[in-house]
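Undergrad: This is the structure alone, sequence omitted:
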């Protein structure tokens, strides 16, 4: 067999297969940031994507404050101080599920076929989608705090504690966003991803101390609610915004965040490689 025929045979064998390229860490980071900018541009061109982080926080805050505030805390002002940090955690967690839905949509439309043919880090599309969600989290926090302030909520500590609370909420969303990415890569349709994330997030948020204290809960539910990542972060934010103990809830929250990334980042990467 001649050299030309060997070359053609090898070309046929490798045709259609993605080219394996070794990507350095700094190039991989740049790839992820570039795709994050792509996600931000999509939000700018389609601002209706922000409906869930602009309308939902207002609905939850107004509804729970005026429906349950008087019954649970005696007056709405006292309940608002307790409720705002918890609703902040809940809305950040709910906003995180959009990354999985959008990634699943891109895969369904064939966008990732283009990414696979490009000499970029394999995890760059996932990292880019997660980083782009920072815009959504910032909008969610800003809307919630502005509306809460209009309703009577006041930060009882100072600007430094407020900035730490905002940063902690952003990191929490970025860490738990990987669970949404994993589900988005695992299931077949965007609707299925949204439904599954709703099933997972709602019990997690309502089975916590976001709306009520845990002292009146059944023993089995109280045991979970006291160590829930939502409850721990809500308590940490209450300490930062209203004053009170911070060290214990903050330590527990950080442990949950590290665990979420350690578990779901490898699973999301595995599901992505399996899917595309």
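TA: Now that the structure is in, tell me what you want to look at. Being a predicted model, the structure only gives us computed values, none of them experimental.

Undergrad: quick one: contacts of stretch 39-49?
TA: With CB atoms under 8 Å, 6 or more residues apart in numbering as the test, stretch 39-49 has contacts from 50, 98, 102, 128-129, 131-133, 135-136. No exception for glycine: its C-beta is placed from N, CA and C like everyone else's.

Undergrad: Kindly report the same for stretch 176-190.
TA: For stretch 176-190, contacts defined as CB under 8 Å, 6+ apart pick out 93, 96-105, 107-108, 126, 129-130, 133, 193, 196-197, 200, 229, 257, 260-261, 264-265, 267-268, 271-272, 274-275.

Undergrad: Weed out the non-buried ones from these.
TA: The neighbour count (16 or more other CB atoms under 10 Å) marks 93, 96-104, 107, 126, 129-130, 133, 193, 196-197, 229, 257, 260-261, 264-265, 267-268, 271-272 as buried among those.

Undergrad: Looking at the contacts of stretch 176-190, which are in helices?
TA: By the criterion of DSSP state H, membership of these in helices covers 93, 97-105, 107-108, 126, 129-130, 133, 193, 196-197, 200, 229, 257, 260-261, 264-265, 267-268, 271-272, 274-275.

Undergrad: now the angle from the one helix or strand residue 144 maps to to helix 97-108?
TA: Using DSSP states H and E, residue 144 sits within helix 124-151. With axes from the mean of the first three to the mean of the last three CA atoms, to 10 degrees as the basis, helix 124-151 and helix 97-108 are set at 150 degrees to each other.

Undergrad: moving C-terminal of helix 124-151, what's the next helix or strand?
TA: The first helix or strand that comes after helix 124-151 along the chain, using DSSP H and E, is helix 159-186.

Undergrad: Only the buried residues of that next one, if you could.
TA: For helix 159-186, using 16+ other CB under 10 Å, the buried residues are 161, 164-166, 168-186.

Undergrad: same check, this time on stretch 65-84
TA: 65, 69, 72-73, 76, 79-84.

Undergrad: What of stretch 222-232?
TA: Across stretch 222-232, burial judged by 16+ other CB under 10 Å covers 225-226, 228-232.

Undergrad: and that stretch, how far apart are its ends?
TA: Stretch 222-232 has an end-to-end distance of 13 Å (CA to CA, to the nearest Å).
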